Every structure is written in structure tokens, then in C-alpha cells.
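> return atomic coordinates for the entry below.
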Amino acid sequence: MSDPHPARASEKEDKRTFLQKIAEFIHPGPDSKAELIETLVDAEDNEVIGTESRVMLEGVIRMADMTAGDVMVAAPRMDMINIAAPFDELLHLVIDTAHSRFPVYENERENIIGILLAKDLLKLQRAPELNIRALLRPAVFVPETKGLNDLLREFRGNRNHLAIVIDEFGRVAGLITIEDVLEQIVGEIEDEFDIEADEGDIFGLADHTYRVSGDTSIERVNEAFGVTLSRSDAENQFDTIGGLIAHEMGHVPKRGELHELAGLRFVVLHTKGGAVRWFKVSPADRARPTA
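The predicted structure follows:
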């Protein structure tokens, strides 16, 4: 009896050549994440996928093994708001750090009572009689061991963009945002704080300090602050202030760290991709500014 569906049968035919079958028998598909990543690299080399696609796929694979503790901003470097702080102090913190959300604490930093959105400060400005407590959003707490895949799913499900990370003893270990998680897949995400500038830039702040891009040339810093920073030493030459400060400190600077050089105090405000994006700069003989 003839096959009533000859077309379907032909679709199921194994169209691999004999040599392809032998090659697949000798070299089976990847059986580990490392081999899978190598396969993606081969696919890029063979122009099967583009570079950006390969990087994102690698990010997805690597993220499966990462936890909130791997990506979080550690507690000492968290920018937080004291519920008892006056409005002007809150406003300066928002302007200086340019974050959109802040953990709010009462009495001590461990006692986080909610999250304040920067945009909600406008309500306080228009109606000073409002109680800041009424503006707080509930804080979400997650353990350090929380997998990034699960955390991203929860961020999407409950529409939260920030979570407080706690350690095994229930203490605040740090914070993590949805941006921190997504950057493990797509790389750096530019936001309103990431001002583009070919040669960096310098901005005056309300407290008479300055916000300086890590990409600012050393010559520009020398001219702006009337100092003499050297571009080179016996072994290295530097073009940007970020590169020079990192060399002077001997490690990749982290947010909140400070370094004094040539009579100036450089406080790290913002980092991305292992480099300083913004410093807060003031004369070294002034009281230490709030970063």
C-alpha cells in the first residue's frame, strides 16, 4: 500500500551526509557550559550569529550560575536616606548621586523602612506638610544566595526595580537593581547619569564641589583646578583622570572610595564596567563631602 503522505516522509528524511554523521559521532554537541560558550564563539567566527548576539547569549548562560551576592552593591557603598534628614539634604543627595530610588532607614542603616523614589521628592517640595513616610514604597528583601534568573523573574512579576540583599544572619549585605541584573546579559546600560562626552566633562554642584567624569583628560583637570597632575610615571602613561586615580590607588576604585592627589579629594560616585564614570572633587582641606 502506498504512503498516503509522501511529502511528510520526505520532510523527516535525514539530510546529513555520511561525513557529517561521522563528525557528529566523533564530536558530539556541547555537554558543559564552557563547551556551549565555545560553540557560540565558533558560530560567531562562522558568521552564524553576530557579536552582540553571542555576547548576550553568553551572558544568559553565565547568569544561570550567579547570585544576588555576586552582583550587589555592598552595604558600605549604598547611598541611603535617613528618614530624619531635612529636605535640602535629601535633595542634595539625589542630585549628587543621580539615582532614581533610595533605601530609607530610621535610626541606624540596618533598619531599612522603605524605598523612596527620587521623583516623589517633588511632592514634598510642593507640599512641605506631607510626611515623607507617606511617600515610601515597601522594601523587597532577598537573600545573597538568590539566583539572578529567579530574581529577574520576580523583578518583572512584581514591577520592583530594587531589592535589599540580606546575608545569612539577616543583616543588610547590599542592594541590587534590575539594571544590575540585565547588565549581566546585555552589558552596560546607559542611563540619565551616563552623560556622553568625548573628552569627559566637569560640572559644578550646589555644595561648591564638582562632578568630574572619569574620562576627563588630565590636561583638562589641571586647567580647571589649577593643579599639576603628571600624565606619566617611569612605566605608565595616562590620558584620563580615571586611569590616573586607579593607578594611584593600585586597584579598580569602588563607589564611595576616596583618594587625595595634588591637593584635591576625589570621591568615587559611579562606576561601570570596571571603570570610574564619575568623581566628586573638592579641595582636600575641606570637610569630607557626602558622596
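> in which helix or strand does the residue nearest the centre of the chain reside?
Of all residues in the chain, the one closest to the mean position by Cα atoms, centre = their mean is D180, 4.7 Å from it. Here D180 is covered by helix 178-186, with elements defined by DSSP states H and E.
> that helix packs against which elements?
Using 3 or more Cβ pairs under 8 Å, 6 or more residues apart in numbering; DSSP states H and E as the contact criterion, the elements in contact with helix 178-186 are helix 51-63, helix 68-71, helix 148-158. No exception for glycine: its C-beta is placed from N, CA and C like everyone else's.
> and it, how far from the chain's centre?
Using Cα atoms, centre = their mean, to the nearest Å, the mean C-alpha position of helix 178-186 is found 8 Å from that of the whole chain.
> other residues contacting the next helix or strand after it?
Using DSSP H and E, the next helix or strand after helix 178-186 towards the C-terminus is strand 202-204. Contacts of strand 202-204 from elsewhere in the structure, counted by Cβ atoms under 8 Å, 6 or more residues apart in numbering, are Y210, R211, V212, S213, T216, R220, V221, A224, V281.
> what lines up beside strand 202-204 in the sheet?
The strands that strand 202-204 pairs with in its sheet are strand 210-213 (antiparallel) (by DSSP bridges).
> ok, and for the helix or strand following the strand it pairs with, which residues are buried?
Beyond strand 210-213 in the direction of the C-terminus, DSSP H and E gives the next helix or strand as helix 218-225. For helix 218-225, the buried set under the neighbour-count rule, 16 or more other Cβ atoms under 10 Å, comprises I218, R220, V221, N222, F225.
> and helix 218-225, what does it pack onto?
So helix 218-225, by 3+ Cβ pairs under 8 Å, 6+ apart, packs with strand 202-204, helix 241-249.
> highest mean neighbour count out of these?
Among these, the stretch with the highest mean neighbour count (mean count of other Cβ atoms under 10 Å) is helix 241-249, at a mean of 20.
> give me the distance from that helix to the chain's centre.
On Cα atoms, centre = their mean, the centre of helix 241-249 falls 20 Å from that of its chain.
> next, the angle from that helix to helix 218-225.
Here helix 241-249 runs at an angle of 90 degrees relative to helix 218-225 (axes from the mean of the first three to the mean of the last three Cα atoms, to 10 degrees).
> from the chain's centroid, how far away is the helix or strand just after helix 241-249?
Going down the chain from helix 241-249, the next helix or strand is strand 258-261, by DSSP H and E. In terms of Cα atoms, centre = their mean, the gap separating the centre of strand 258-261 from the centre of its chain is 23 Å.
> packing partners of strand 258-261?
helix 241-249, strand 264-272.
> so for A163, which of the helices and strands packed on helix 218-225 sits nearest?
helix 241-249 (29.1 Å; Cβ to Cβ).
> check contacts around L205.
Contacts of L205 were listed using Cβ under 8 Å, 6+ apart, and they are I95, D96, R211, K280.
> tell me which helix or strand I49 sits in.
Using DSSP H and E, I49 falls within no helix or strand.
> tell me, how many residues neighbour it?
16 (other Cβ atoms under 10 Å).
> show the contacting residues for it.
Taking Cβ under 8 Å, 6+ apart, we find I49 in contact with L40, A43, L57.
> you'd agree the first one is in a helix?
Right, the one you point to is L40. Yes. Secondary structure of L40, determined by DSSP: H, G, I helix; E, B strand; the rest coil: located in a helix.
> local confidence estimate at it?
Predicted confidence (pLDDT) for L40: 74.
> ok, now which ones touch the closest residue to it other than its chain neighbours?
Leaving out its chain neighbours, the residue that sits closest to L40 by Cβ to Cβ, 6 or more residues apart in numbering is R54, at 5.0 Å. Each residue near R54 by Cβ under 8 Å, 6+ apart is listed here: L40, V41, A43, E44.
> thinking again about what came up before, any idea which of the helices and strands packed on strand 258-261 gets closest to V73?
Short answer: strand 264-272, nearest of those by Cβ to Cβ, at 9.8 Å.
> good, wrapping up.
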